[in-house]
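**Q** quick check, what structure comes out for this input:
(2 chains)
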2 protein chains.
Amino acid sequence: MTDNRRFVLVRRPDGTPVPDDFALQTAQTPTLAPGEVLVRNVYASLDPAIRGWLDDAPSYMPPVPLGDAVRATTVGTVADSANPEFAIGDWVLGLNAIEDYSVAVPGGFTQKIDPAAVPAVTNYLSVFGAVGLTAYFGLLEVGKPKAGETVLVTGAAGAVGSLVGQIARIQGCRVIGIAGGPAKCARLTERYGYDAAIDYRGKDEAALVAAIAAAAPDGVDVIFENVGGIILDAGLMNLRDGARVALCGLISEYNAPAPVGVRNLWQLIVHSASINGLLVRDFVPRFSEGAAVMGGWLAEGKLVFDEDIVDGIDNAFAAFMTLFSGGNDGKLILKI
Amino acid sequence: MTDNRRFVLVRRPDGTPVPDDFALQTAQTPTLAPGEVLVRNVYASLDPAIRGWLDDAPSYMPPVPLGDAVRATTVGTVADSANPEFAIGDWVLGLNAIEDYSVAVPGGFTQKIDPAAVPAVTNYLSVFGAVGLTAYFGLLEVGKPKAGETVLVTGAAGAVGSLVGQIARIQGCRVIGIAGGPAKCARLTERYGYDAAIDYRGKDEAALVAAIAAAAPDGVDVIFENVGGIILDAGLMNLRDGARVALCGLISEYNAPAPVGVRNLWQLIVHSASINGLLVRDFVPRFSEGAAVMGGWLAEGKLVFDEDIVDGIDNAFAAFMTLFSGGNDGKLILKI
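**A** This is a model prediction of the structure:
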């Protein structure tokens, strides 16, 4: 079988990742033990969460070992099978790595997918994947918005945030988004239906606090938080009583040399409010339910989504880093 | 009527309060409008929350105005009444101020109390007051501990913390307390029944993380947080999946020149955990229910509590500051 190109972690990043933290290596294509399948990864999902997996820090899964290909959710086809349930050519979704071929043990998150059931097979990495279901379950089950409430979304133009804003609108909420730059802010209101958009660029915490207050004079009931740092701190200064913060990510912290943290936790006491950590893994048993509802909204034209597909494993590093510069437009996917 | 001695805020503290932020002034005893009562404050509750009311910052109640006596919960007797429901000599509990006489409008938190119903009338400021009910409702309704779970209490020897630890034990939990100094730590295990005590003095965040991990090798299910800063950050590094942090106070921050904040929020995502702000005001309609249960535990000998009564309005400043140095033993009360 052909050689296996792998995007390998060779050094743990110190703050912002640099190209020398990674290497594109070629290895022998692995052989299979009984029950395993060999997946030809066709598309890999590039997510902010990957940054966390590169650190040797306690998390919800072990760090990527040095010398291993960088972990990522992929969709691909079965290239070889030692499992009677999987035939060569079957499409599968799973937590694999940025490499041509991964060995997968079916079960859990690794499952067969039907490319004919969706407009494009990449949708299993976006609207029908962890990203879409993070938006769906995170907003509805963790943020718990009620019709008429005000929802603030940070990282609002991102893969998750753009869906969260639309789902909140479908729930009858007023929705405010924070994003970086005028182009993204225009996309929030014009494409994703946000009621108001705030450009965080050039704003300090006080200016962010004022901008949120101007967009939500009565405060916010739900924050869907992807960013952290002063953006979260500014949101906390605008809570209504009983507000819920669904904490999905802290992308402003991932490359910081030291954790940024938040300083306005006192506001949780003032408003009997809460911050609730959100891991989509907790909702795996309900994924099909969520995907069905999202599919219905898509069919009805109530939901739009964007994918930003970068071609070639050679571009893995540069593509990944756009997540932190805000350079991507929609769900970032690498075609391997 | 006699003059009214008042402990007045004359300047907003910049960080740690200093004596010159306050003045003991004497004013005319106020006269009453119809419906009001004049309360001779006998005991005032000195609470960390008072520090927050001294700042001109958004909170759950307006700041104490400059030139006004410092707000405090008091118990006292009716000295004059323009309200047919209140007779001279009646005992009342209310949110008044550190002064001989306050004008109160009955209703809401201001209510008649029966000194014969409790061992000492000061108990309305401790175990049967906001302190006791903060411990009761905060732990049970916000922390939601289940039998067999591990509960971590910070500020564990304090007025609220000492009760929280005991209530958690009554619920069948394993209870770990963090306090300052060997004497307080001994009191945690010997008097309040904590399973383990950690002395935070001399420990940096890493040492605190390790000490909690040693006392709770499987992590903690509930944190009852009174302190904030590195103590909260250390607790966050020891969460179990689904853990709840009941955020009662952040005393380490109240005198800090800038907010200290927390830097390990990422752990909320890792463990699908939450931080929930706790204001006892939310439970006012259930106060009698909570007081009845606490009274039952007291009668059964399952609960002990301590009051530290300082005599004289002249000592208001020095007494208040012991809350931040950890110098008080039990619920701090000022006899006016």
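**Q** can you pull the contacts of the residue in the stretch 101-250 of chain A that chain B sits nearest to?
**A** Per Cβ to the nearest Cβ, residue A:247 is where the stretch 101-250 of chain A lies closest to chain B, at 5.4 Å. Heads up, the C-betas are built off the backbone N, CA and C, glycines and all. Counting by Cβ atoms under 8 Å, 6 or more residues apart in numbering or on different chains, residue A:247 makes contact with A:225, A:275-278, B:265, B:268-269.
**Q** over to residue A:105?
**A** Taking Cβ under 8 Å, 6+ apart as the test, what residue A:105 contacts is A:35-37.
**Q** now with 6 Å, please.
**A** Residue A:105 makes contact with residue A:36 under the criterion Cβ atoms under 6 Å, 6 or more residues apart in numbering or on different chains.
**Q** confidence score at it?
**A** pLDDT, the model's per-residue confidence, is 89 for residue A:105.
**Q** ok, back up a step: the residue of the stretch 101-250 of chain A closest to chain B bridge partners, please.
**A** Going by DSSP bridges, residue A:247 is paired in beta bridges with residue A:225, residue A:277.
**Q** next secondary structure element downstream of the least confident helix or strand in chain A by mean pLDDT?
**A** One helix or strand of chain A scores below all others by mean pLDDT, DSSP states H and E: helix A:251-254, with a mean of 88. Later in the chain than helix A:251-254, the nearest helix or strand by DSSP states H and E is helix A:266-270.
**Q** let me see the domain layout of chain A.
**A** Structural domains annotated on chain A: A:4-126+A:306-335, A:130-281, as defined by automatic domain parsing.
**Q** can I get these in JSON lines including distance to residue B:239?
**A** Formatted as JSON lines, these follow (distance: least, Cβ to Cβ, whole Å):
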{"stretch": "domain A:4-126+A:306-335", "distance to residue B:239": "10"}
{"stretch": "domain A:130-281", "distance to residue B:239": "9"}
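**Q** quick one: which of those is nearest residue B:81?
**A** domain A:130-281 (34.1 Å; Cβ to Cβ).
**Q** ok, back up a step: which residues touch the least confident helix or strand of chain A?
**A** The contact list for helix A:251-254 (Cβ under 6 Å, 6+ apart) reads A:48, A:51, A:227-229, A:259-260.
**Q** ok, 8 Å please
**A** Helix A:251-254 is contacted by residues A:48, A:51-52, A:155, A:226-231, A:259-261, A:323-324, B:266 when judged by Cβ under 8 Å, 6+ apart.
**Q** likewise stretch A:309-325?
**A** Residues from elsewhere that reach stretch A:309-325 (Cβ under 8 Å, 6+ apart): A:5, A:7, A:16-17, A:19, A:22, A:24, A:43-44, A:46-48, A:50-51, A:70, A:98-100, A:122, A:251, A:254-255, A:327-328, A:332-336.
**Q** ok, back up a step: single out the most deeply packed of the domains of chain A.
**A** With neighbours defined as mean count of other Cβ atoms under 10 Å in any protein chain shown, the domains of chain A peak in mean count at domain A:130-281, which reaches a mean of 22.
**Q** state the pLDDT value of residue A:2.
**A** Confidence score, pLDDT, at residue A:2: 62.
**Q** let me fix that: residue A:59
**A** Note on residue A:59: pLDDT of 83.
**Q** could you export stretch A:203-218 as PDB, CA atoms only?
**A** In PDB, the C-alpha atoms belonging to stretch A:203-218 read as follows (Å, rounded to 0.1, in the frame of the first residue of the first chain):
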ATOM      1  CA  LYS A 203     -12.100  47.900  21.700                       C
ATOM      2  CA  ASP A 204     -10.800  47.600  25.200                       C
ATOM      3  CA  GLU A 205     -12.900  46.000  27.900                       C
ATOM      4  CA  ALA A 206     -14.800  49.200  28.800                       C
ATOM      5  CA  ALA A 207     -15.600  49.900  25.200                       C
ATOM      6  CA  LEU A 208     -16.900  46.300  24.800                       C
ATOM      7  CA  VAL A 209     -19.000  46.700  27.900                       C
ATOM      8  CA  ALA A 210     -20.500  49.800  26.500                       C
ATOM      9  CA  ALA A 211     -21.100  48.300  23.100                       C
ATOM     10  CA  ILE A 212     -22.900  45.300  24.500                       C
ATOM     11  CA  ALA A 213     -25.000  47.600  26.700                       C
ATOM     12  CA  ALA A 214     -25.900  49.700  23.700                       C
ATOM     13  CA  ALA A 215     -27.000  46.600  21.800                       C
ATOM     14  CA  ALA A 216     -28.800  45.100  24.800                       C
ATOM     15  CA  PRO A 217     -30.000  47.900  27.100                       C
ATOM     16  CA  ASP A 218     -31.800  45.500  29.400                       C
END
